[in-house]
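sequence and predicted structure below; questions after.
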Amino acid sequence: MKSKYRVSNTVGIAALLSVAGVLLLSSCSVFKPVKTENPNTYAIEAEFPPVVAGKGELNLLVSMPVARAGFESARMIYLKKAHEIEHFSQNQWVDSPARMLAPLLVQALENTATYHAVIPARSVASADLRLDTEIVRLQHEFLAKPSRVHITMRAQLVDLREKSVLVTREFDVTEASASEDPYGGVLATNRAVKVLLQQVADFCVQGSSLAK
């Protein structure tokens, strides 16, 4: 009887250990982190000549650009059908386009040499004029070949002293992509952005002449 008890007891312990092992393995699989691929991240960039000293008397405040719904995040937008917005799953901007465009706007305006100072949004310095901008769209369109990047921005120049709007305009720029992939779109975006910012800077120079 004692030997049978020892045998059954040994079998029972082995069964318990087997169940425990299964539970341990299953718990490990549950809590083990799922491997995910890091997305490719890209910056919006534009090069301008070295900053020159401003010759004007007015100070221009450049507000932080805003973006319309759907374009405010770092997700890269593309279209295969008109009006149907999609996002690249493994490619994104390093920051929101609005935040990346802010310092580039300042650089473009500084290089006009029109203002005594061009003031970034976070500065506490006083200003005479203010530039407000809104990103209406920034998307890679695969509606035809070659695909193209389409960027639209609305700009408004405000006279802070008179509390009045001087001028408002919408800018629309497209640039063909050299390749049918996200990286081709990034390169096209940077080319389009430089053209856009130069147009906005010229718009501000012309609008500033209306200030009293």
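In hand now; what should we look at? Given the structure is predicted, the values throughout are model-derived calculations rather than measurements.

pLDDT weak spots in this structure?
Under the criterion pLDDT under 70, the flagged ranges of the chain are 1-36, 52.

where do the strands of it begin and end?
Using DSSP state E, the strands found in the chain span residues 40-42, 59-62, 66-67, 75-81, 84-93, 117-119, 129-141, 148-159, 164-176.

present those strands as TSV; the columns should include distance to Val200 and mean neighbour count.
Bear in mind the C-beta positions are built from the backbone N, C-alpha and C, glycine included. Listed next are those as TSV, based on distance: least, C-beta to C-beta, whole Å; neighbours: other C-beta atoms under 10 Å:
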stretch	distance to Val200	mean neighbour count
strand 40-42	22	15
strand 59-62	10	22
strand 66-67	14	16
strand 75-81	21	17
strand 84-93	20	14
strand 117-119	12	21
strand 129-141	7	20
strand 148-159	5	21
strand 164-176	6	15
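
format the ones you listed as TSV; extra columns: distance to Cys204.
Shown next, in TSV, are the strands of the chain (distance: least, C-beta to C-beta, whole Å):
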stretch	distance to Cys204
strand 40-42	27
strand 59-62	7
strand 66-67	17
strand 75-81	27
strand 84-93	25
strand 117-119	9
strand 129-141	6
strand 148-159	6
strand 164-176	9
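
what's the closest of the ones you listed to Pro49?
Ranking those by their distance to Pro49 (criterion: C-beta to C-beta) puts strand 117-119 first, at 14.6 Å.

on contacts alone, who are the packing partners of the closest one?
strand 59-62, helix 97-110 (3 or more C-beta pairs under 8 Å, 6 or more residues apart in numbering; DSSP states H and E).

which of those is buried the deepest?
strand 59-62 (a mean of 22; mean count of other C-beta atoms under 10 Å).
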